[in-house]
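In: Using only what follows, build the 3D model:
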Amino acid sequence: VQLQASGGGLVQPGGSLRLSCAASGNVFSIGYMAWYRQAPGKERELAARISGGGSTDYADSVKGRFTISRDNAKNTVYLQLNSLKPEDTGVYYCTAGYRKYKYSDLFDSWGQGTQLTVSS
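Out: Residues are numbered from 1 along each chain as shown. Below you'll find the model as predicted:
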């Protein structure tokens with residue numbers, strides 16, 4: 001499955017933004033979908049994750065500010081980012097787990113990343 005992320009940009013502290021990531025390709029099912037982020041000079045970290053059933057998990061640093069959601073009809077995952085801080089700056093990557101066929105293994109796919117800069 002191919003993932004195409006969009007929606008990044010330059011935002012002032014306290015601002016909001018919504019990231020989108022659309023999955024395409026001929027697969028049997030898409031399970032979890034998630035957003036990771038990588039700040040300059042730091043390792044990539046999980047920001048938010050949503051299961052195929054809609055259960056969500058968030059990094060402590062984004063709880064209460066970020067909301068992950070998905071539209072299964074569109075194979076798209078969203079990340080609503082509110083109350084943004086300069087430390088939220090980084091490249092945001094979407095990822096998803098999918099099965100090519102009904103009984104195949106679960107594979108991971110990664111999008112190309114979208115840059116978010118939070119600065120005044």
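
In: Provide the secondary structure category for the most far-flung residue of the chain relative to its centre.
Out: Relative to the centre of the chain, and counting by C-alpha atoms, centre = their mean, the farthest-placed residue is Y103 at 25.9 Å. Of the three states, Y103 takes coil under DSSP: H, G, I helix; E, B strand; the rest coil.

In: residue contacts, R99?
Out: The contact partners of R99, taken as C-beta atoms under 8 Å, 6 or more residues apart in numbering, are 27-29, 31, 105-107. In short, each C-beta sits where N, CA and C put it, glycine included.

In: Can you show me the strands along the chain?
Out: 2-6, 9-11, 17-24, 29-38, 45-50, 56-58, 66-71, 76-81, 90-99, 106-110, 114-118 (DSSP state E).

In: As JSON lines, those strands with mean pLDDT would be great.
Out: Shown next, in JSON lines, are the strands of the chain (pLDDT from 0 to 100):
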{"stretch": "strand 2-6", "mean pLDDT": "95"}
{"stretch": "strand 9-11", "mean pLDDT": "97"}
{"stretch": "strand 17-24", "mean pLDDT": "96"}
{"stretch": "strand 29-38", "mean pLDDT": "96"}
{"stretch": "strand 45-50", "mean pLDDT": "98"}
{"stretch": "strand 56-58", "mean pLDDT": "98"}
{"stretch": "strand 66-71", "mean pLDDT": "98"}
{"stretch": "strand 76-81", "mean pLDDT": "98"}
{"stretch": "strand 90-99", "mean pLDDT": "96"}
{"stretch": "strand 106-110", "mean pLDDT": "93"}
{"stretch": "strand 114-118", "mean pLDDT": "97"}
